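Engineer: starting from these lines, generate the structure:
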Amino acid sequence: MKMTFLKYFAVFSLWLFPLCLHAQGTAIVEGVVRDSRGEAIAGLTLTLTNVKTGITQSTVSGADGTFRFVSLPTAGSYTLQAQASGFKKAIITDIVLRADERRFITLDLKDYASDEVTVVADFAPQINRSDAEVSSYVSEFQIQTIPTDGRKISNQLYFLPGVAPATGYFPEAPNVSINGQNSLYTNYLIDGFDNNERFLGGQKFDVPIGIAQNVAVLTNSYSAAFGRTANGIVNITTKSGTNEFKGEVFYYSRPGAIIDAPNAFSPLDENGNPIRNGFNRNQVGLSLSGPIVLNQTFFFFNTELTQDGIDNIIRTPAANAVVRSQNYSYLFTGKIDHKWNSAHQTSLRANVGIVGLDNAGGGAVQPSAGSIQDRNALLLATKHTWIITPRLFSETRVQYSQFYWNYARPKEGAQPQVVLFSDTLDGGFGKNELLGIVGHPGFTFDQLEQTWQAATTFTTVIDDKHTLRAGIDLLSSTHRLFGGGNPSGNYTVRLRNDAQFARRSTFSLADIPRDVEVLSYSVEVRPESFGANQTLLALFVEDSYNVSPRLTLNLGLRWDFDNLSRAGSNTYDWNNLAPRLSFNWLATEDGLTVIRGGYGIFYERILYAIQSDALQFSSRSPAFLQQLRLLQQRGIIPADADLDALTFDGNVTATFIGRDAPEFLRGKTADELRANVNTLPPRELRIQNPNGLQNPFSHQFSLGVQRQLTNDLMLSLDGVILLGQNLVRLRDLNAPTPYATTPFAATASPRPISDADASRPAGVVVGGARQITVSETEGRSEYYGILLTLKKAFSNNYAFQLAYTLSWNLNNTDDINFRAMDANEFQNEWGFAVNDRRHVLALTGAYRFDFGTTLSLNLLLQSGQPINRTVALSNAVAPPGVSNAQDYAGFYGHGPQYGDGFAGNLDRYPGVPRNGERLPGFAQLDLSVSHLISFGDVGVELRADIFNVFNAINYSGYFANATQTNRAQVGRPGDPIQYRSAGIPTQYQFSARMVF
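Structural biologist: Here you go, the predicted structure:
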């Protein structure tokens with residue numbers, strides 16, 4: 001399943017180059033021209049020019065003074081000119097556009113009898129005069145000056161209103177949460193093209209800052225042209241070549257432990273001193289752009305090569321060490337833009353990413369369980385824009401992409417995995433403490449996704465009042481996964497006496513005593529390759545209705561289809577109609593205050609992982625099929641459901657727990673068990689939802705005001721509401737009766753698994769299932785936010801943005817693997833979301849001194865994230881004082897459950913609310929100082945970045961995997977908090993960049 005990038009690139013390029021469709025996103029500039037009394041000027045000629053690309057368009061203002069320029073490439077910058085007898089000539093310069101933007105400009109002409117030129121502004125106005133879109137914009141100046149770790153564009157988004165670092169559900173989860181929602185559903189676009197790996201979510205191609213011209217983050221009330229998320233959209237506009245030859249060469253260095261502050265949880269050496277650990281990085285890259293043919297054909301090329309040396313802390317009661325991982329990332333981008341004539345523009349863009357993440361160990365994982373993760377991406381995108389008439393234009397897009405993801409290539413080959421716990425007597429390491437994980441990653445995940453996207457959009461200016469836009473967007477993905485558990489077996493064991501085991505820096509399988517107590521043993525019996533296709537189709541139509549020069553209504557309707565909604569039913573979710581309604585009213589005569597608001601329905605794609613899990617963890621064993629028939633008889637599964645459509649011969653992981661577990665390293669092998677696959681112990685199995693799935697969606701409301709305080713200063717205040725419906729979660733169709741109905745509830749003692757199993761409607765059957773799990777779309781969420789932004793464009797040597805977000809975010813599911821802790825009692829799970837933060841204050845700014853030095857900063861302040869009080873840090877480990885620890889299977893007796901290690905919704909004591917307490921807040925200041933030395937047309941920039949200047953210890957608010965944060969705290973509300981991790985300490989980054 002290795003990717004053959006050159007083969008795909010060559011074949012695709014040769015086939016498509018004659019078409020050479022345009023890959024640069026296009027935009028619209030529209031507005032109104034008025035005299036000094038505020039009255040419309042009709043019949044005025046306006047000219048829009050892009051000197052850097054040779055594009056010139058002219059138009060005449062209508063009877064109401066409105067004008068419009070369509071199908072504008074985003075390369076370079078534009079100058080707008082207007083002149084009429086009796087007025088000064090007006091010019092607006094340096095208009096920089098983003099992909100799929102509609103920019104509204106109010107042009108006020110001053111009375112004057114001569115031909116004197118008046119420059120209205122050297123930048124475009126910042127207030128939104130087109131619609132109610134609540135969005136933020138990162139300019140190229142900000143991209144270049146913001147202190148940024150690793151040149152990753154996503155790291156710059158934390159400082160925008162409504163955006164915060166995400167708490168994800170696996171280490172490589174997307175790092176950006178918008179409106180406090182699950183980061184998996186953020187929709188990433190490059191020039192309007194899809195850039196989402198569809199198995200879980202996040203970027204296929206990890207966009208570096210070297211290719212970004214600007215970034216727009218759409219949070220609420222955006223156009224019907226955007227969809228496939230009930231969350232936010234990150235739309236990155238890439239650079240293009242112009243008539244000017246330009247380039248840069250750079251080198252970035254992170255020296256690491258030599259000068260970085262030690263981590264707050266650094267292990268100690270034999271003298272009690274912290275072992276210095278850090279993060280070493282070397283990055284080199286170059287960008288080149290310019291004309292191939294002046295005013296007609298342009299090229300852009302960028303490559304960025306990164307190698308990281310990461311000091312991973314191994315820290316358990318039995319092991320303290322720092323081990324080094326070596327990551328690599330090789331990113332390539334190429335683009336050719338061609339203008340055939342004034343009506344047709346075309347180009348081709350390619351992105352290649354070759355990424356390897358080295359897991360050499362860390363936390364409890366010892367080096368012998370280390371692995372390499374491959375994340376390789378290829379995107380080949382084309383777009384064609386055609387101005388059919390002055391009032392009609394079209395845009396056609398085609399993209400092929402693939403994403404290869406091998407999550408864990410074992411470093412030491414095939415061997416058992418062993419999870420080691422201390423004894424129950426507190427004999428030296430503490431009671432039931434996790435001491436380490438050795439031997440193997442414990443699973444196989446080798447996946448390839450191949451995706452085609454084709455879309456076309458038509459925009460027509462019907463008259464001076466109506467601009468109609470309609471389009472179709474088809475996206476089809478093919479997935480293949482070779483997955484399963486560990487064919488060599490996974491053991492969870494406990495020392496009989498801590499004295500048997502000596503504390504050391506690291507340990508391996510050979511160091512574990514052979515007489516340990518085996519708590520569980522699992523082995524993959526049937527490794528399997530399987531997959532399916534996902535097809536997404538969207539249609540939209542939208543009318544921008546200029547009711548008057550001061551009032552614009554946007555009336556849109558979108559329809560989305562997702563074939564994964566069928567699941568195990570015989571029909572699809574066909575009714576995903578999403579109205580988008582908004583208004584934009586110029587509230588004051590001076591044209592500087594806008595009131596805008598909107599309502600819309602926003603549908604979300606179904607993550608392919610839901611389909612994949614239903615295949616991988618299903619079975620067609622006779623015993624399991626008999627259980628499903630019994631559930632049909634009891635009305636839990638529809639009587640007419642097709643069991644063949646619900647099930648699949650997926651992977652078979654045999655699990656033996658408690659008294660059924662074998663002696664250590666004496667478990668039966670996959671070959672020994674394969675012949676008896678239908679007589680294996682009961683386990684958790686999945687089926688497709690017999691009722692089908694509904695696409696998640698949200699009702700979104702927004703109301704806000706924007707005020708242009710000065711030519712370069714804008715204030716924005718918006719209130720937003722998101723009401724999420726049909727959110728994905730897991731349901732056990734074979735759930736036991738709730739804990740509250742048992743005699744164990746009276747004493748608040750753990751429920752034996754035998755008691756829970758006895759109440760399951762389909763029983764617990766050898767060769768069949770204990771839990772019969774299905775993904776359902778019954779979850780809901782509520783988000784209420786107030787967003788305040790004060791933004792100053794760069795002028796007088798400085799720029800800044802201050803963003804404050806006040807929000808409340810509640811739900812009863814945080815992730816696709818979220819389940820109720822007790823018997824589908826989701827009414828007990830309503831609480832604050834894992835990404836809820838009451839207050840977020842972000843400040844970015846830059847000051848450029850006249851002598852070539854630029855000082856810039858980031859300041860991020862957040863209130864704390866929620867604490868989830870749990871019985872233990874693992875549902876497999878009994879809390880202190882439990883007498884039947886060997887038979888313990890979760891406080892509620894549910895047994896082993898898939899997903900506990902992802903969503904982290906572990907068992908809580910009865911009556912303890914989910915996410916009911918708070919961790920401390922987050923505070924971090926980053927600084928950057930750079931100096932540019934000019935040698936004619938060549939400049940050399942020297943720069944230093946300092947992250948977390950004051951070495952603040954942050955126990956929440958940083959991007960991390962949920963299970964690696966401090967959010968899960970053992971005990972009951974009010975118990976002491978045990979911190980296990982923190983955000984980065986003070987770290988340094990140095991760079992040198994030559995521009996020419």
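Engineer: distance of Leu628 relative to Glu663?
Structural biologist: Here the distance between Leu628 and Glu663 works out to 35 Å (C-beta to C-beta, to the nearest Å). Using the backbone N, CA and C atoms, a C-beta is placed for each residue, glycine as well.
Engineer: neighbour count: these two, which is higher?
Structural biologist: Leu628 (25 against 13; other C-beta atoms under 10 Å).
Engineer: mind listing what that one touches?
Structural biologist: With contacts defined as C-beta atoms under 8 Å, 6 or more residues apart in numbering, the neighbours of Leu628 are Ile637, Leu643, Leu646, Thr647, Ile687, Ala762, Ile772.
Engineer: output the residues you listed as TSV; include the columns distance to Lys339 and neighbour count.
Structural biologist: Rendered in TSV, the data for those read as follows (distance: C-beta to C-beta, whole Å; neighbours: other C-beta atoms under 10 Å):
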residue	distance to Lys339	neighbour count
Ile637	60	25
Leu643	59	16
Leu646	55	23
Thr647	56	22
Ile687	55	27
Ala762	66	23
Ile772	60	26
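Engineer: where do the helices of this structure begin and end?
Structural biologist: Listed in chain order, the helices found in the chain under DSSP state H are 5-16, 140-145, 608-616, 622-633, 643-646, 670-674, 753-758, 900-903.
Engineer: most tightly surrounded among the ones you listed?
Structural biologist: Ranked by average neighbour count under the criterion mean count of other C-beta atoms under 10 Å, the helices of the chain are headed by helix 608-616 at a mean of 22.
Engineer: export that helix as PDB, just CAs?
Structural biologist: Written as PDB, here are the backbone C-alpha positions of helix 608-616 (Å, rounded to 0.1, in the frame of the first residue of the first chain):
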ATOM      1  CA  TYR A 608     -15.600   7.200   7.500                       C
ATOM      2  CA  ALA A 609     -14.300   5.700  10.700                       C
ATOM      3  CA  ILE A 610     -17.900   5.000  11.800                       C
ATOM      4  CA  GLN A 611     -18.400   2.800   8.700                       C
ATOM      5  CA  SER A 612     -14.900   1.200   9.100                       C
ATOM      6  CA  ASP A 613     -15.500   0.300  12.700                       C
ATOM      7  CA  ALA A 614     -18.800  -1.300  11.900                       C
ATOM      8  CA  LEU A 615     -17.000  -3.500   9.400                       C
ATOM      9  CA  GLN A 616     -13.800  -4.200  11.400                       C
END
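Engineer: and the contacts of that helix?
Structural biologist: For helix 608-616, contacts defined as C-beta under 8 Å, 6+ apart pick out 198-200, 449, 477, 479, 481, 483-484, 528, 530-532, 534, 564, 567-568, 648, 650-651, 686-688, 693, 728, 774-775, 816, 898.
Engineer: what would the contacts of Leu628 look like in JSON lines with pLDDT?
Structural biologist: What follows is the contacts of Leu628, written out as JSON lines (pLDDT from 0 to 100):
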{"residue": "Ile637", "pLDDT": "98"}
{"residue": "Leu643", "pLDDT": "97"}
{"residue": "Leu646", "pLDDT": "98"}
{"residue": "Thr647", "pLDDT": "98"}
{"residue": "Ile687", "pLDDT": "98"}
{"residue": "Ala762", "pLDDT": "98"}
{"residue": "Ile772", "pLDDT": "98"}
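Engineer: residue ranges in the stretch 401-550 of the chain under the pLDDT threshold?
Structural biologist: For the stretch 401-550 of the chain, the stretches flagged by pLDDT under 70 are 426-427.
Engineer: center of the chain - which residue?
Structural biologist: Pro174 (3.2 Å; C-alpha atoms, centre = their mean).
Engineer: any idea how far Glu172 is from Ser582?
Structural biologist: Taking C-beta to C-beta as the criterion, Glu172 is separated from Ser582 by 36 Å.
Engineer: looking at these two, which is more packed in?
Structural biologist: When Glu172 and Ser582 are compared on other C-beta under 10 Å, the one with more neighbours turns out to be Ser582, at 25 against 16.
Engineer: so for the more buried one, what's the pLDDT?
Structural biologist: Among the per-residue scores, Ser582 holds a pLDDT of 97.
Engineer: was I right about it contacting Ser221?
Structural biologist: Yes - judged on C-beta atoms under 8 Å, Ser582 makes contact with Ser221 at a distance of 5.4 Å.
Engineer: what touches both of these two?
Structural biologist: When C-beta under 8 Å, 6+ apart defines a contact, the residues bordering Ser582 and Ser221 alike are Asp131, Ala132, Glu133, Arg596, Gly597, Gly598, Tyr599, Gly600, Ser702.
Engineer: run a quick neighbour tally on Phe990.
Structural biologist: Summarising burial for Phe990: neighbours were counted as other C-beta under 10 Å, giving 14.
Engineer: next up, the contacts around Thr242.
Structural biologist: Contacts for Thr242 were tallied using C-beta under 8 Å, 6+ apart; they are Lys52, Thr53, Ala75, Gly76, Ser289, Gly290, Pro291, Phe298.
Engineer: got it, and Ile601?
Structural biologist: Each residue near Ile601 by C-beta under 8 Å, 6+ apart is listed here: Leu577, Ala578, Pro579, Arg580, Phe697, Ser698, His699, Gln700.
Engineer: considering these, which possesses the most neighbours?
Structural biologist: Neighbour counts for the contacts of Ile601 were taken using other C-beta under 10 Å; the highest belongs to Ser698, with 28 neighbours.
Engineer: tell me the spacing between that one and Leu722.
Structural biologist: Distance, Ser698 to Leu722, using C-beta to C-beta: 5 Å.
Engineer: any shared contact partners between these two?
Structural biologist: Taking C-beta under 8 Å, 6+ apart as the contact criterion, the residues that touch both Ser698 and Leu722 are Ala230, Ser781.
Engineer: follow-up on the earlier one: among the shared contacts of Ser582 and Ser221, which one sits closest to Asp590?
Structural biologist: Distance to Asp590 across these (C-beta to C-beta) is lowest for Arg596, with 17.0 Å.
Engineer: find the nearest non-adjacent residue to that closest one, please.
Structural biologist: Nearest residue to Arg596, sequence neighbours excluded (C-beta to C-beta, 6 or more residues apart in numbering): Ala132, at 4.0 Å.
Engineer: next one: Phe697
Structural biologist: Counting by C-beta to C-beta, 6+ apart, the nearest residue to Phe697 once its immediate chain neighbours are dropped is Tyr603, at 4.6 Å.
Engineer: Ala470 too?
Structural biologist: Going by C-beta to C-beta, 6+ apart, Ala470 has Val541 as its nearest residue, at 4.3 Å.
Engineer: run through the residues that contact the one you found.
Structural biologist: Ala224, Leu468, Arg469, Ala470, Gly556, Leu557.
Engineer: okay, now the domains of this structure?
Structural biologist: Taking automatic domain parsing as the reference, the chain has its domains at 5-121, 134-238.
Engineer: hmm, who's touching stretch 327-334?
Structural biologist: Looking at what lies outside stretch 327-334 - C-beta under 8 Å, 6+ apart - the contacts are 205-206, 208, 211, 238, 299-308, 310, 349-358.
Engineer: how much space is there between Lys110 and Asp35?
Structural biologist: Taking C-beta to C-beta, one finds Lys110 at 9 Å from Asp35.
Engineer: which residue of these two possesses the greater neighbour count?
Structural biologist: Asp35 (17 against 13).
Engineer: for the more buried one, give me its contacts.
Structural biologist: Contacts for Asp35 were tallied using C-beta under 8 Å, 6+ apart; they are Ile41, Phe87, Asp108, Leu109, Asp111.
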